[in-house]
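Novice: take a look and give me a structure for this.
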Amino acid sequence: LGKRYGHNWAVITGASDGIGKGFAIELARRRFKVGLIGRNKSKLEEVANEIAEKFNVETQVVVFDFNTHYTQEKIQELQ
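Specialist: Below is the predicted model:
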């Protein structure tokens, strides 16, 4: 993947548990920087710390619930 796409950012939703976490770890293992999106900040931070320690790649945590209706103002506030 890295040869094809470069070692840029990969964004993973549902990254705090299960398949999302597994994808995040695998992409970090392949040297991608990872953006972790999910609802639980503490779980996301645990995953980010685990990835940073094991693979020495940059991580970014974004707390966001896609099940909640967001107005344009709320989305701009998150930026």
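Novice: in the protein, what secondary structure element scores lowest on mean pLDDT?
Specialist: Of all the helices and strands that make up the chain, helix 2-5 has the lowest average by mean pLDDT, DSSP states H and E, namely a mean of 64.
Novice: tell me the helix or strand right after it.
Specialist: For helix 2-5, the following helix or strand on the C-terminal side (DSSP states H and E) is strand 9-13.
Novice: Three-state assignment for the most centrally placed residue in the chain, please.
Specialist: Closest to where the C-alpha atoms of the chain average out (CA atoms, centre = their mean) is Leu36, at 1.3 Å. Here Leu36 is recorded as strand under DSSP: H, G, I helix; E, B strand; the rest coil.
Novice: for it, what are its contacts?
Specialist: 12, 15-16, 24, 44, 47-48, 59-62 (CB atoms under 8 Å, 6 or more residues apart in numbering). In short, each C-beta sits where N, CA and C put it, glycine included.
Novice: could you identify the most distant pair in those residues?
Specialist: By the measure CB to CB, Ser16 and Gln60 form the most distant pair in the contacts of Leu36, at 13.9 Å.
Novice: quick one, strands of this structure?
Specialist: Ranges of strands in the chain, per DSSP state E, are 9-13, 33-38, 59-63.
Novice: contact partners of the longest helix seen in the chain?
Specialist: Counting by DSSP state H, the longest helix found in the chain is helix 41-55. By CB under 8 Å, 6+ apart, the surrounding residues in contact with helix 41-55 are 15-17, 21, 24-25, 28-29, 31, 34, 36-38, 57-63.
Novice: among those residues, which ones are buried?
Specialist: Neighbour counting over these (16 or more other CB atoms under 10 Å) leaves 15-16, 21, 24-25, 28, 34, 36-38, 57, 59, 61 as the buried ones.
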